[in-house]
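Engineer: The sequence isn't on hand, but the structure is:
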C-alpha cells in the first residue's frame, strides 16, 4: 500500500490552521461515515436500504468495530427503489 505523504501533510497543515482559528477550549473532531446494503425483508416484502452510520474517528478501531460498543449511530436509512435492485 502506497501512502501519499504530500496529501497527509496537507491534511495536517489544514487541520492545524483550522484548529488555531477555533475559540479557546474548542477542538475539531474527525467523523467516519459508513454505509452498507441491508435487506429489510421482515414484513416489508424484500426491500433493500442503505443505512448511513456516523462515528467519531478518535475511538480506537478495536472498540469501534465491536457491535456491542454502540459507537456508530444510525443517521439515515436510504431506501433503494426496486428498479435498481
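Structural biologist: That came in fine, so what should we check first? If you're wondering where the values come from, they're calculated on a predicted model, not measured in any experiment.
Engineer: Paired strands for the longest strand along the chain, with orientation please.
Structural biologist: Scanning the chain for the strand with the most residues, using DSSP state E, yields strand 47-56. Strand 47-56 sits in its sheet next to strand 31-35 (antiparallel), strand 38-40 (antiparallel), strand 73-80 (antiparallel), going by DSSP bridges.
Engineer: So which residues make contact with the longest one?
Structural biologist: What it means is strand 73-80. Here strand 73-80 makes contact (C-beta atoms under 8 Å, 6 or more residues apart in numbering) with 33, 35, 37, 47-55. C-betas here are computed from N, CA, C, even on glycine.
Engineer: and if you look at the first one?
Structural biologist: Residues from elsewhere that reach strand 31-35, judged by C-beta under 8 Å, 6+ apart: 50-57, 64, 72, 75, 78.
Engineer: hang on, the earlier thing: got the buried residues for the longest strand of the chain?
Structural biologist: 47-49, 51-52, 55 (16 or more other C-beta atoms under 10 Å).
Engineer: would you turn the strands paired with strand 47-56 into TSV with mean neighbour count and distance to residue 22?
Structural biologist: Listed next are these as TSV, based on neighbours: other C-beta atoms under 10 Å; distance: least, C-beta to C-beta, whole Å:
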stretch	mean neighbour count	distance to residue 22
strand 31-35	12	16
strand 38-40	13	37
strand 73-80	11	24
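Engineer: Quickly, which of the ones you listed bottoms out on average pLDDT?
Structural biologist: When the strands paired with strand 47-56 are ranked by mean pLDDT, strand 38-40 comes last with a mean of 80.
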